[in-house]
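Chemist: for reference, the sequence and a predicted model appear below.
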Amino acid sequence: MAGHAIDEGAMVHDDAAIRRMLNARRVAVVGASRDPKKLSGTLLPSILTGGYTGEVFPVNPKADVVAGLKAYPSVTDIPSNLDLVIIAVPARFVPGIIHEAADKSAAGAIVISAGGRESGKPQFEREILQIARERGLRFFGPNTQGVAYAPNHLSAVFWPVVTVPGPIAVVGQSGAVVAAITDWAQDDGLGVNASISLGNQADICESDVIRVLADDVQTRAIALYLEGVDDGGRFVNAVRKVGPRKPIVVLKCGRSQRGREAVASHTGSLAGSDQVFDGVCRQFGVVRAEDSESLYDIAKILACMRLPAGRRVLVISSSGGSCALAADVGDKTGLVLPDLPGELVGALRDIGLAEWGSFANPLDLGSPFVEQFRAAIRITDEANVADIILPVFGDPIEGAADLMAELVPETRARLCAAYYGGGAVEQFERRRMQRAGVPVFPSPERAMKAIGASCWYGEKRRMWEAEP
Amino acid sequence: MTGVVENVSRMLPEPEAAALLASFGIPYVEHDVARTADAAVEAAAAIGYPVVLKVVSPDVVHKTEAGGVLLGLKDEWGLREGYDELIQLVRASCPDARIDGVLVCRHVPVRCELIVGAVYDAVFGPTVMVGLGGVFAEALADVVFRVVPLTRRDGLEMVRELRGAGLLATFRGEGPVDLDAVAGILVHVADSMLGHPEISEIDLNPVAASADGCVALDARIIVRGGFKMGF
């Protein structure tokens, strides 16, 4: 049974160790192979190309130099104390290395090595956890793809190297999902502040990372991928504290059907593991994403756009098709697309929209030019018809990025954009727009889903602020 | 009986469950236990017709299936006939069942049936649930969970999150269900799980919800061995 009693005093101490690991200035890489074709051979290059400015000590008993750096035969041979030890050697060597790391006053380790529960050997995890507890170290993994932290320019990962810093932290129990979201964010111009693959979580788990990132000023939203929660009480304690302060978006796959205690009631038979998890999320304001794209999109909008004051959305587009798609998703997500008042329609006619435009909501401008978008957004914003205005640039519209960057500070409504069907111009404009901090989505449906999620979180925040 | 039985979970008989719920502040339909037809008539006279009869037996888990529930008995004649019929039906379907009597309950007109429950989740510990209830509760599976402790605001939010929340608003000329009363029951159920770790499951199904409040019409409470009524 999950216990809810947690020693809060001990946790504060633990969190400090994790912070010291992320901000490490002296790092040892144990198992730093010279062979870039080996996985462990990519670790050191990742750290170096990531622009890390601290000291790096490769450990390799078979080489004097690795990746241009002096190598040491063992951690013990390193002539200074350490903050962090990254371990990528076979499991049987890991316990000894944790002891050596402790001798060097390291705050913790990233255990890349596999060989734990995924190999049917949970005793390996118990052994290193016991040593770490005794010696006062924390560790990520085992079986993790690594940890990257942009403020420290530290990419202790196989891939992807973090080169585009940004406002979201990507955290997950799958290296591939974390890598994919990190790739998208960097490619998009949004960037990441942290990219953390949790591995088997023998020690540091999602709840620890949530608490640490809550106090991390550069992280404005946390994107979390979960396959299961081991300690429900710890998770509840973390999200109860963090949910009201910083948005957490979670994608949880339904594979882990944890057993329930034997039940005899209707309630018991209705308590699917996902139903209870969903209740916990809603209770503490954790936004649930239904797939990996939504996880990324919702983290993006919550990190970049101020929370909307209500659910009224005005869609403005140059394309009738994208208007219809946006309106459909709006209905499903509980967003309101209010009608435009008559006098506003008159004012919109005066800005010279095409005859085939539609003066409704969605507002179909019928013309693919930035000037009409600018005029329409200004006029409708002054009339206060919506809490969020979503321009859908449905053609190769040049200047869209500059227009959005110009309008965001002067617009009362929240602004985000979709760019859709714009070819090479879109590729260019979309990245510029995102780099300017305006959330932009590759389709009107994805934009509307993200808006819906931001409205839900906004309502939660207003409720907590009105009555904590 | 051996001492082993002490460690096994058991379901409280309905009169005990009702008394326990009342001690938690959860309204339970007005009722009395009768062991003879004459006693049932006396109880019904005090409660007022129409009444509902339910078998009280530690061996009958599914009362309705065993023929152990009769609804809408309008007068003494119907009650006496119903009493005999109920005992016969239960004897026929469960020949070995001990019958401790019948529960005579007030018949409550139902505006909307909810299910309220509590169960231990293997990961998150004690949880509370609300859903659209009655015989279709499992088929509809329109339920919302929360972990304890629960605030009244959490309770209101749970009810509003039901897919069928529209049924609780003004519907077909009937006034809106008293959501505060529903939230109150949810909070009481959460508090009882927190305060009584020996309770492992609670099922209130149905809870009759109306504009005037809500009241549990049936209850299953599963307790771990060693539980004693202590109020």
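Modeler: That came through, no problem.
Chemist: name the SS class of residue 102, please.
Modeler: Just going to use chain A. Under the three-state scheme (DSSP: H, G, I helix; E, B strand; the rest coil), A:Ala102 adopts helix.
Chemist: oops, I was thinking of chain B
Modeler: Here B:Val102 is recorded as strand under three-state DSSP.
Chemist: what's it in contact with, if anything?
Modeler: B:33-35, B:40, B:53-56, B:83, B:86-87 (C-beta atoms under 8 Å, 6 or more residues apart in numbering or on different chains). Quick note: C-beta positions are derived from backbone N, CA and C, even for glycine.
Chemist: list only buried entries from these.
Modeler: B:33-34, B:40, B:53-56, B:83, B:86-87 (16 or more other C-beta atoms under 10 Å in any protein chain shown).
Chemist: among those residues, which are in reach of chain A?
Modeler: Among these, no residue is within reach of chain A (C-beta under 8 Å from any C-beta of the partner chain).
Chemist: which SSE is the residue in the stretch 201-350 of chain A positioned nearest to chain B in?
Modeler: Closest approach between the stretch 201-350 of chain A and chain B, counting by C-beta to the nearest C-beta: A:Thr267, at 2.7 Å. Under the criterion of DSSP states H and E, A:Thr267 resides in helix A:266-270.
Chemist: find the closest residue to chain A in chain B.
Modeler: Closest point on chain B to chain A, by C-beta to the nearest C-beta, is B:Gly117, at 2.7 Å.
Chemist: secondary structure element for that residue?
Modeler: strand B:112-121.
Chemist: can you identify the element that follows that strand toward the C-terminus?
Modeler: Taking DSSP H and E, what comes next after strand B:112-121 is strand B:125-132.
Chemist: contacting residues for residue 44?
Modeler: Just so you know, I chose chain A. A:29, A:32, A:56, A:58, A:66-67, A:69.
Chemist: ah, no, chain B please
Modeler: B:51, B:73, B:76, B:79, B:104.
Chemist: ok so it is a strand residue?
Modeler: No. Secondary structure of B:Ala44 (three-state DSSP): helix, not part of a strand.
Chemist: rewinding a little: now intersect the contacts of A:Leu44 with the strands, please.
Modeler: Mapping the contacts of A:Leu44 onto strands (DSSP state E) picks out A:29, A:56, A:58, A:66, A:69.
Chemist: those residues into a markdown table, with extra columns for neighbour count?
Modeler: Output for these, formatted as a markdown table (neighbours: other C-beta atoms under 10 Å in any protein chain shown):
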| residue | neighbour count |
| --- | --- |
| A:Val29 | 28 |
| A:Val56 | 21 |
| A:Pro58 | 27 |
| A:Val66 | 22 |
| A:Leu69 | 16 |
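Chemist: who's in contact with the regular element (helix or strand) spanning A:Asp187?
Modeler: In this structure, A:Asp187 is located in helix A:175-188 according to DSSP H and E. Contact with helix A:175-188 is made by A:144-146, A:148, A:158-160, A:162-164, A:166, A:168, A:170-172, A:191-192, A:195-197, A:199, A:223, A:225, A:251, A:292, A:295-296, A:299-300, A:430-431, A:434, as judged by C-beta under 8 Å, 6+ apart.
Chemist: run the chain-centre distance for it.
Modeler: From the chain centre to the centre of helix A:175-188 is a distance of 9 Å (C-alpha atoms, centre = their mean, to the nearest Å).
Chemist: same thing with stretch A:387-403?
Modeler: 25 Å.
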